[in-house]
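Novice: just need the structure, nothing else, for what follows:
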Amino acid sequence: MQDKNFDKLAGKFAKNIYGTLKGDIRAAVLWRDLQEVLPTDGRSLRVLDAGGGFGFFSQKLAALGHSVVLCDLSAEMLAEAQRQIDANPMKLDIQCVHSAIQDLSRDDLGEFDLILCHAVVEWLADAHGTMTGLLKLLKRDGLFSLMFYNQDAMCFHSLVAGNFGYVNSGFKAKRVKLSPNFPLTVPEVEAWCDGWQMDILCRSGVRVIHDYLKKGSLSTEYSDEGLIEMELKYSREDAFLRLGRYVHFIARRKD
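Specialist: Numbers count the residues shown, from 1 in each chain. Just a heads-up that it's a prediction; the model follows:
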């Protein structure tokens, strides 16, 4: 099975992932996590946003003064990124690179203080091998921000919806186009980090509540703003974290 290219789905992807409350939750959790590890002394980082689409976080980091290389396999995604960069009133230090992650080279791009790889690994046929290669571009004391699609949450969501046949089939039923091919578990990615000799500094669930809401019978106390507040509050509680549709790790190589 080949890795996913979002060229033909760029518009749908942008609308379904970033133009919704789901996207607002993702942005809130990941940006909270990243801000906690960014330098506070004004130092500029070299950042690689691998598989970053149209560069939501690339643009936010560049607006803080960091130098960013934005890479994606989709030319359509990068074209949209460039349009947004050009339209920004600030001059953003972002270099767009049209490339598969597997083809990125330290000889060509150098090393980075921070590498982002968000919602990419679940589309890769050889996720572990690809991430191992990507980490060759990370400085010895650099940070790795990895968000992955959580298989346990996918299973639980199917169970509470009564899709027992789908679960019993090992999730082999027909998938929709934006349903990832290779979901991962928290222990699996923790083992990867251990093998890479990396300490996990941050663990957060993304959408630990949203996907389980009883949408037809919400309390009058409900609001989207309140939901995001609760998502941030419970995203790091272990019981809730492991129900997050995605899980976000920030890791650093061990001394």
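
Novice: any weak-confidence spans in this protein?
Specialist: Counting by pLDDT under 70, the chain shows low-confidence ranges at 1-18, 173-178.

Novice: in it, which spans are strands?
Specialist: Using DSSP state E, the strands of the chain run over 46-50, 67-72, 94-98, 112-118, 138-149, 198-206, 246-253.

Novice: please enumerate the helices of this structure.
Specialist: With DSSP state H as the criterion, the chain has helices at 10-13, 21-37, 56-63, 75-87, 106-109, 127-134, 151-160, 164-168, 186-195, 224-234, 238-241.

Novice: for those helices, which one sits closest to Val121?
Specialist: Val121 lies closest, by Cβ to Cβ, to one member of these: helix 127-134, at 4.1 Å. The C-beta positions use only the backbone N, C-alpha and C, and glycine is treated the same way.

Novice: what packs against the closest one?
Specialist: Secondary-structure packing of helix 127-134 (3 or more Cβ pairs under 8 Å, 6 or more residues apart in numbering; DSSP states H and E): strand 112-118.

Novice: contacts only, for the nearest residue to Pro180 once chain neighbours are set aside.
Specialist: Spatially, and ignoring its direct neighbours in sequence, Pro180 is nearest to Glu122 (3.5 Å; Cβ to Cβ, 6 or more residues apart in numbering). Neighbour list for Glu122: 148-149, 180-184 [criterion: Cβ atoms under 8 Å, 6 or more residues apart in numbering].

Novice: count the residues that sit near Arg242.
Specialist: Arg242 has 18 neighbours, counted by other Cβ atoms under 10 Å.
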